[in-house]
Each structure stands twice: as structure tokens, then as C-alpha cells.
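Engineer: Requesting a structural model of the entry that follows:
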Amino acid sequence: MSWQPYAVPPAPPKRPPLTRAQRTGALVAGAVGFSVFSWGLALLAFSAIATVLVAIFSFVVGLARQGPVDRGTLRFVQWVEGIDGSIVGWVIVGGFLLASILLIVGFFVSQGILRGGRVNRPTAVTWSSIGIALVAGSIVGSLGGLIGSMFGWVAWVDPGVAIAVTTLSGLLSLAVTAAVGAFTWWWMAHVFRASAAD
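Structural biologist: Just a heads-up that it's a prediction; the model follows:
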């Protein structure tokens, strides 16, 4: 058998770092796109919970009508029956519609900004970033909830303090959501960046 030299496979083409426009586009797309997407998810969750509560209340009222009940249950049934069901239904339907719009807008805003920054594979960057950011955001949110519960007693000191704490928590939540989105989108843009030969 004749000896043949070992052929060294060619090295994969090097991928240059993100350009300034690509980096800026990824950061902005993540901060804006994920914030809008998160609002849509929050509204979707609220609408789903409201739907479940309506179903539970309807079930409880149906059971209460089948037999004698105590005074407290009777007051609860009367309170539920006094709610305008058509308004609640429209609110829930409107919540689902608005949530769907926000989810779609968040996705396409991300893609538009990424394309404007000439980021490679904007669809892949957006989908992968959404999945990672949702996991990271839930972890950060859980940690924030634990820290907030530790200092929740401050809200009972004074109504003004409670309002200030609630406002600060809301603003901090918005900032953290934008930061998680910006970092995740930048990371995925770096992962999917094109090679020098492309």
C-alpha cells in the first residue's frame, strides 16, 4: 500500500467582530423588541388568568343556585351576578387581541431594527434571543421578587412610601427587561455573525 500524505482540512473562515452599526442595532432591537414582546406576554397572561377566574366564578355561582347557601356565599353570588358580563367579556377579548398585536409588533420591530443595522440572519437572531431572554428574564424576575418581598414591609409604613416603592419597582422592572433584551440580542447577533467570506 502506497503512503499518502495526510491532508490537513482547511481552517474555517474567520468571522470578524460585529461592526458598530450591527452592535448598536442588536442592542436597540433587544431593548425595544423584547420590551414590547414582554408587554404582550404579560397582557396575554392577564387575559388568560381573567378567563380562568370567570370560568371559576361561573362554576361556583352555578353550584350555589342548586341548593341553600349561607349568607356569605349568597352575598358573593349576588356580587358576581351584579357584574356586567358583556363588559368583562369585551375586556378579555380586547386583552387577547392587544396582546397578540404587541407580540407581533415586538417580533417585527426587532427584525426591522436588525435589518437596518445589517445584522446577519435577523430572523434567527430574533427567535433565539426571545427564547433565551424569556428564561433569563424569568430568573432575574424571580430574584427581584425575592428581594422585593424582603423589603415589602416598608410599604406598610406610609402610603407615600408605598407609592414610591411601587413606582421605583415598575421603572426598575422596565429597565431590567430592556437590559436583558439588549444583552441577549447582542449575544445572538455575535453568535450568528457572518464570516469574512460572506
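Engineer: ok, Gly95 to Ser35 distance?
Structural biologist: Here the distance between Gly95 and Ser35 works out to 18 Å (CB to CB, to the nearest Å). Placement of C-beta: from N, CA and C, glycine included.
Engineer: for Gly62, same thing?
Structural biologist: Taking CB to CB, one finds Gly62 at 41 Å from Ser35.
Engineer: So which of these two has more stuff around it?
Structural biologist: Each of Gly62 and Ser35 has its neighbours counted (other CB atoms under 10 Å); Ser35 has more, 20 against 10.
Engineer: Do you know the pLDDT at that one?
Structural biologist: Note for Ser35: predicted pLDDT of 95.
Engineer: start the count at 196, not 1, going forward
Structural biologist: Fine by me, first position is 196 from now on; the one you just mentioned is Ser230.
Engineer: quick one, what contacts it?
Structural biologist: By CB atoms under 8 Å, 6 or more residues apart in numbering, the contact set of Ser230 is 301, 369, 372-373, 376.
Engineer: now with 7 Å?
Structural biologist: 369, 372-373, 376 (CB atoms under 7 Å, 6 or more residues apart in numbering).
Engineer: Tell me the one of these nearest Gly220?
Structural biologist: Gly376 (13.0 Å; CB to CB).
Engineer: how much space is there between the closest one and Val320?
Structural biologist: 12 Å.
Engineer: Please apply the same query to Gly257.
Structural biologist: Gly257 sits at a distance of 49 Å from Val320 (criterion: CB to CB).
Engineer: C-alpha coordinates for stretch 280-294, PDB please?
Structural biologist: Extracted in PDB, the C-alpha atoms of stretch 280-294 (Å, rounded to 0.1, in the frame of the first residue of the first chain):
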ATOM      1  CA  GLY A 280     -70.600  40.000  31.900                       C
ATOM      2  CA  SER A 281     -70.600  41.700  28.500                       C
ATOM      3  CA  ILE A 282     -68.100  44.300  29.700                       C
ATOM      4  CA  VAL A 283     -65.900  41.600  31.200                       C
ATOM      5  CA  GLY A 284     -66.000  39.600  28.000                       C
ATOM      6  CA  TRP A 285     -65.100  42.500  25.800                       C
ATOM      7  CA  VAL A 286     -62.200  43.400  28.200                       C
ATOM      8  CA  ILE A 287     -60.900  39.800  28.000                       C
ATOM      9  CA  VAL A 288     -61.200  39.600  24.200                       C
ATOM     10  CA  GLY A 289     -59.600  43.100  23.900                       C
ATOM     11  CA  GLY A 290     -56.800  41.900  26.100                       C
ATOM     12  CA  PHE A 291     -56.100  38.900  23.900                       C
ATOM     13  CA  LEU A 292     -56.200  41.000  20.800                       C
ATOM     14  CA  LEU A 293     -53.900  43.700  22.100                       C
ATOM     15  CA  ALA A 294     -51.500  41.000  23.500                       C
END
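Engineer: before we move on, which element is the nearest residue to Ile325 once chain neighbours are set aside in?
Structural biologist: In this structure, Ile325 finds its nearest non-sequential neighbour in Phe232, 6.4 Å apart by CB to CB, 6 or more residues apart in numbering. Counting by DSSP states H and E, the element that carries Phe232 is helix 215-259.
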